[in-house]
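**Q** Structure for the following, please:
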Amino acid sequence: MSDLSLLTIRDASVVRGKRYLLNGLSLTLKAGQHTAILGPNGSGKSTLVKLITRQLYPLAGGHVEIFGQTRWNVTELRGLIGIVSSSMQLDFDAHPPLEVFDCVVSGFFAARGLWKQHAVTEEMRVRSREALIQTGADHLVGRDMSTLSTGEARRVLIARALVHRPKALLLDEPCAGLDPASRRVFLESLRRLAANTTLIMVTHHIEEILPEIGHIVMLRDGRVLHEGGKADLLDSAHLTELFGMPVEVTGRGDWYSASVD
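**A** You can find the predicted model right below:
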């Protein structure tokens, strides 16, 4: 594992109205450290994602550093951290229809689709094909995004993020809307990416935590409640504390599951 810091946050607070969405949060994640950020609804997960992607900034005194820098051009940052969320899919299902390969290539231009001003190079096309193969979505080329299943569309959006060859992928509730079978197929496709790309998965379902993810961050009330190794934290006591109700955790091979008593 590299000692390079992917993300360093110190004493970051974000306020909406009179409510603290993040309250003095401090967190450090290393490059190569596959991490799951776990927490109930309202714990600050979505706000943390927006802090990382520069959609939000902390109050004065808070410090956010990504790959050793505090100031980033958003376009340059996209080349280092690919972002995939369930909400992104709505943008690509809309009218006019968008073909799968065009969706992936247009990731180079941060646009929805290709326009006359976009000069697509052969290297862009090659990297787009490689990304689609990486995610197991190359067979979908030629179809419109609106005709894909949720799992298929999610894999195409990951390919779109991968065209930049980012050092990390930030996956914000990536399995939302997937049925159990589609979820497992999708998660297996993510596992193949873990060899070359740092994965940061934001979720409230421990069933989605990949075997390759060894680091857990538990958020509650805008703060880090616990942080550490998966074997130490994914147990009934810690999950009960995190969610505020009795949770029974069981391990099934390299995967975990939870049930509420």
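**Q** Point me to the helix or strand that includes the residue nearest to the spatial centre of the chain.
**A** What sits nearest the mean C-alpha location of the chain, by C-alpha atoms, centre = their mean, is Leu171, with 1.2 Å. Using DSSP states H and E, Leu171 sits in strand 168-172.
**Q** got it, and Pro40?
**A** Counting by DSSP H and E, Pro40 is part of no helix or strand.
**Q** Spatially, what comes nearest to it if we skip its sequence neighbours?
**A** Counting by C-beta to C-beta, 6 or more residues apart in numbering, Pro40 lies nearest to Phe243, which is 5.3 Å off, once chain neighbours are set aside. (C-beta placed from N, C-alpha, C; glycine too.)
**Q** Break down this structure into its strands, ranges please.
**A** Per DSSP state E, the chain carries strands over the ranges 5-16, 19-30, 35-38, 63-66, 81-85, 168-172, 198-203, 215-220, 223-229, 247-252, 255-260.
**Q** Tell me where the model's unsure across the stretch 1-150 of the chain.
**A** 1-3 (pLDDT under 70).
**Q** mind running it again at 50?
**A** Along the stretch 1-150 of the chain, the model assigns pLDDT under 50 to residues 1.
**Q** what are the ranges of the helices in it?
**A** Assigned helices in the stretch 1-150 of the chain, in chain order: 45-52, 74-78, 88-93, 100-105, 122-134, 150-162 (criterion: DSSP state H, counting those that start in this stretch).
**Q** Tabulate the ones you listed (JSON lines), appending mean neighbour count.
**A** Output for the helices of the stretch 1-150 of the chain, formatted as JSON lines (neighbours: other C-beta atoms under 10 Å):
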{"stretch": "helix 45-52", "mean neighbour count": "21"}
{"stretch": "helix 74-78", "mean neighbour count": "13"}
{"stretch": "helix 88-93", "mean neighbour count": "15"}
{"stretch": "helix 100-105", "mean neighbour count": "24"}
{"stretch": "helix 122-134", "mean neighbour count": "16"}
{"stretch": "helix 150-162", "mean neighbour count": "24"}
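**Q** Quick one: closest of these to Ser259.
**A** Ser259 lies closest, by C-beta to C-beta, to one member of those: helix 45-52, at 21.5 Å.
**Q** Output that closest one as CSV, nothing but the C-alphas.
**A** C-alpha atoms of helix 45-52 as CSV (Å, rounded to 0.1, in the frame of the first residue of the first chain):
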residue,chain,number,x,y,z
LYS,A,45,-22.1,10.7,3.5
SER,A,46,-23.5,12.7,0.6
THR,A,47,-22.1,15.9,2.0
LEU,A,48,-18.7,14.3,2.3
VAL,A,49,-18.9,13.2,-1.4
LYS,A,50,-19.7,16.8,-2.4
LEU,A,51,-16.7,18.0,-0.3
ILE,A,52,-14.4,15.7,-2.2
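**Q** Would you mind pulling up the elements that it packs against?
**A** Contacts defined by 3 or more C-beta pairs under 8 Å, 6 or more residues apart in numbering; DSSP states H and E place helix 45-52 against strand 5-16, strand 19-30, strand 63-66, strand 81-85, strand 168-172, strand 198-203.
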